[in-house]
Each structure stands twice: as structure tokens, then as C-alpha cells.
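Undergrad: Following is a predicted model, sequence given first.
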Number of protein chains: 2
Amino acid sequence: MTGLRARQKADRNRRILDAAALLFREVGYDSARIEDIAERAEVSVGTFYNYYENKGDILVATVSMEVEEVLAAGRTIVDNPPSSVEGALQALIGQYYDHSLVYLSKEMWRTAMAISIQQPESPFSKRYTELDRRLCDQVSTLIHKLQVKGLIVPGTDVRAVGEMLFNNLNLMFIEFAKDEAMPLDELKARVARQNRPLATLIAAP
Amino acid sequence: MTGLRARQKADRNRRILDAAALLFREVGYDSARIEDIAERAEVSVGTFYNYYENKGDILVATVSMEVEEVLAAGRTIVDNPPSSVEGALQALIGQYYDHSLVYLSKEMWRTAMAISIQQPESPFSKRYTELDRRLCDQVSTLIHKLQVKGLIVPGTDVRAVGEMLFNNLNLMFIEFAKDEAMPLDELKARVARQNRPLATLIAAP
DNA sequence: CTTAAAAAATGAATTCATTCAATCTTTTTT
DNA sequence: AAAAAAGATTGAATGAATTCATTTTTTAAG
């Protein structure tokens, strides 16, 4: 059986994470005070810092959980993709984007992305970056599957194409998060337009 | 002649900007205290805040000056591009990347990019975003010129291609800034590989 | 069961960005 | 040229994140 210490630790960690996620959603990242998070989690401020390096860290932890879900959602598309290059891409990317705002506000995304850029060495930033890499892989995998199905011209550098498509959809998501006024549909439409040339050109005749 | 007040204002503004740029380079962004910047610029802390909304703002101002130079450097390539799609792209992108680290450290880039994402409504963030847009336009312009020259298949959506190429080079630059160990050459090589499929496919036969 | 060692929790103290009411300087008006 | 108005500067006060010496709790040893 697990020792008392280990159980308490896991328990406190969860309480802190839950309290933070909730408070971020309620009042936004900036207005959420560490003191309040600590109070809700029934630990001291000092203890908070034993579990997370800094305020940003716990946001990135929250966001990472969301990205895990996005990855899982993407898997259903990759496992059974539409049979056109453009259609498959739109399905996967649409899945990503639709999931993105279910639990997180644009402000939370902005903050998490900013932190993962600014402090790339913190443990949770590394986790976030790793998740991005897996999303990128997922896009490449989709392209590869389409190639195996004969939908993409043989000899295409699948990884290069996947990376370019992913980097584009990722940067466009940053633009989307920066602009509170931009609706999801506009994001999708713009990315679809950007994808079209490449998608059309790599499609097997 | 300009009024005394206007002259003093311009002078103070320059002193603050110079002091900040220097201090950022000397000790890095985080360790540079507003109090020290103000002291070097021979103004009070309060005055600093009359000129810049917050600490991030003045970094983004510094970085923006650098991006202006990158834009100017890019113009020389666009005005007289190499006569192959891949070559032209590599020349322009190489110019961008080579310029990027002349005056700014990776840490300064990271911080500036993070701020422009996190506080997109601050005046200098808007300026930074605007400069990004102009860089993107420059890439599209290059593609367009190549198309006019007959080097790219007619009917290609030049803007869509330009945006995708730019978003890719931009995100790769973020990755580069996040990884202190990555050398410029690796960045260039990776982007060149990513560009190849699209560059090859849009090239007129 | 007691005691020593290790691991965690605690919150008061520190640090730094940011604010704002009071003061000073420049410009405009009479 | 004096007075009023407008525009700027100032630095002490505020507020929030982060630190760290001390205390408390848990585990391991005898």
C-alpha cells in the first residue's frame, strides 16, 4: 500500500490543481491570486510553491490537460479519415479548434502559450512543448495514412508537409487567441484557404 | 521651431529607450529593474510610466526597431530575387534569420513574442503584430514577383502560399528562440526542408 | 516505543512592477 | 509681465509573486 506521505502529496496536488483551474475560469489568470488558490486548496502559500515553480506553471499544467484531450479527439479522425486530402485535413483541424475553447478562454490560451515560449525550461512548459510535438506528429500521421491509401502522390516528404501544415494551424491559432473578436469559423475558413494550395498539389491525380 | 516641451519629451523618450535596450542586453529582461532603467535615463520611475505602459512595452519597442531593419533587409532580396522558387525563398528567409540575432538575444525575442501574445491590445504589441503582417506581406510579394516572372504556375493562390510559408518560418523561429542550443544553421536547414515540397510543387515546369 | 533523520508545510519578510496625489514647469491668456 | 491653465514629473505607497528560516509531520532505525 502507498505510504501516507505519498497519498497526502497526491491529494494536495490535486486540490491545488483543481482550485487553480476553477479560479482561473472564474476570474481569469491575472486576477487569480496565489493566496486565494492556496486558501481554496487548504494549503499555505509556501506549499503551493513546493508543488509548482510559479504561477505560470500551474496554468500550463491546466492547459496541458486540455491538449491531451485534443490529442485524443484527433485520434478518432486519424483512425478513420475522410477520403480526400482537403476533407481529412479540415476534419482534423476542425476537431482541434472545436475542442480548444470548451474549457479554456482565449486569455488562458494566450497566457499559457506566452509562458511556454518565455520559460521553455520549466517542467510544465516542456510538457506543453512535448504535446505540441505530438499534435504535429498526428498531422504527419494523417498525411502518411492518406499516402498509403494512394490519395497523395508517392515520394512526397510526408514529415515536411505535416510540419508545415501543423506550424501553420498552430500560428493561426495564436492569431485567433490574440483577437478576441475573431470567431472560430473565421479561423477555420482562413486556415482552409491557406491549406488549399498544398492540399491540392499533393493530392494524387 | 519645436517647443521646449516637445524637445524635452523626445529627449527623455530616447534616453529611456536607450537605457532600457542597453540594460536588457547587459543583464537580461527579467533582471533589469524599472528603477535602474529610470535612474540611467535620469528620470523618475513615475516618468518612465508616462512614456511606456509597462515593462514589457519597452522591450517590444526595442524589438520592433530590430524588425524594421529585418524588413528593410528583406526588401533588397524581394527587389532582386534569385530566379528559382527555392533559392528565392531561402535567400529571403536566410536574410531574416541572419539579422535576428545581431542586436537581440534569444531571451529578448522570447520575451517580446510572449508579450505580444499575452497582451495583444497594448500599443507596442499592436505595432509588433503590424510588423509581422508586413513581413508576411513581403513573403507574399516575393511569391507574386516570381509568379509574374513565370517561375510559378499561374492560378496559384499567392497569398495563401505566402501566408503558409510565413507562418511556418515564424513558428520555426519561435522554436529556435525556445531552444538555446539550436544554431542558426539547423533552423535554416529545417525550414528549407519544410519548404521544399511546396516550393517544388508550385514551381512552373 | 523512542529517537534521530528526512521530508514537507508554513507564513512573515522581501522584492519589484505599478499607481496616484502632490508638486513643479511650460504654455497660453489677459 | 502676472495669473491661470495645461501638461509633466515625482517618489512614496500599494499589492502581488516569490523566498526562506523555522516548525511540524512522517518515516526509518535501534
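TA: Right, received. Where do you want to start?

Undergrad: Is DNA strand D within reach of the strand or helix carrying A:Leu135?
TA: Per DSSP states H and E: A:Leu135 is located in helix A:123-148. No - residues of helix A:123-148 contacting DNA strand D under Cβ under 7 Å from any atom of the strand: none, with a closest distance of 12.6 Å. Placement of C-beta: from N, CA and C, glycine included.

Undergrad: any bit of that helix sitting next to chain B?
TA: Yes - Helix A:123-148 reaches chain B (Cβ under 8 Å from any Cβ of the partner chain) through A:Thr129.

Undergrad: helices or strands next to that helix in the packing?
TA: Counting contacts by 3 or more Cβ pairs under 8 Å, 6 or more residues apart in numbering or on different chains; DSSP states H and E, helix A:123-148 packs against helix A:55-79, helix A:85-100, helix A:106-118, helix A:158-178.

Undergrad: I'd like these as JSON lines, with distance to chain B and mean neighbour count appended.
TA: Below are these laid out as JSON lines (distance: least, Cβ to the nearest Cβ, whole Å; neighbours: other Cβ atoms under 10 Å in any protein chain shown):
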{"stretch": "helix A:55-79", "distance to chain B": "10", "mean neighbour count": "18"}
{"stretch": "helix A:85-100", "distance to chain B": "12", "mean neighbour count": "20"}
{"stretch": "helix A:106-118", "distance to chain B": "4", "mean neighbour count": "23"}
{"stretch": "helix A:158-178", "distance to chain B": "4", "mean neighbour count": "22"}
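
Undergrad: contacting residues around A:Arg12?
TA: Going by Cβ atoms under 8 Å, 6 or more residues apart in numbering or on different chains, A:Arg12 touches A:41, A:43, A:47, A:51.

Undergrad: swap the cut-off to 6 Å and go again
TA: A:Val43 (Cβ atoms under 6 Å, 6 or more residues apart in numbering or on different chains).

Undergrad: for the strand or helix carrying it, which positions count as buried?
TA: Secondary structure assigned from DSSP H and E places A:Arg12 in helix A:4-27. Across helix A:4-27, burial judged by 16 or more other Cβ atoms under 10 Å in any protein chain shown covers A:12-13, A:15-17, A:19-21, A:23-24.

Undergrad: Can you name the residues that contact A:Val45?
TA: Taking Cβ under 6 Å, 6+ apart as the test, what A:Val45 contacts is A:34-35, A:38.

Undergrad: if you set the cut-off to 10 Å instead, what comes out?
TA: Neighbouring residues of A:Val45 by Cβ atoms under 10 Å, 6 or more residues apart in numbering or on different chains: A:33-35, A:37-39.

Undergrad: Give me the nearest residue to A:Leu146, chain neighbours excluded.
TA: A:Ile152 (5.0 Å; Cβ to Cβ, 6 or more residues apart in numbering or on different chains).

Undergrad: So what sits opposite the one you found in the bridge?
TA: Beta-bridge pairing for A:Ile152 (DSSP bridges): A:Ala203.

Undergrad: Would you mind measuring from the residue nearest to the spatial centre of chain A to A:Arg127?
TA: Nearest residue to the geometric centre of chain A (Cα atoms, centre = their mean): A:Val67, 3.5 Å. A:Val67 sits at a distance of 9 Å from A:Arg127 (criterion: Cβ to Cβ, to the nearest Å).

Undergrad: list residues touching both of the two?
TA: Contacts common to A:Val67 and A:Arg127, judged by Cβ under 10 Å, 6+ apart, are A:Val60.

Undergrad: follow-up on the earlier one: now the contacts of A:Val45 in TSV, with pLDDT, secondary structure and neighbour count?
TA: TSV is the format used below for the contacts of A:Val45 (pLDDT from 0 to 100; DSSP: H, G, I helix; E, B strand; the rest coil; neighbours: other Cβ atoms under 10 Å in any protein chain shown):
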residue	pLDDT	secondary structure	neighbour count
A:Arg33	97	coil	13
A:Ile34	98	helix	15
A:Glu35	97	helix	11
A:Ile37	98	helix	25
A:Ala38	98	helix	20
A:Glu39	97	helix	15
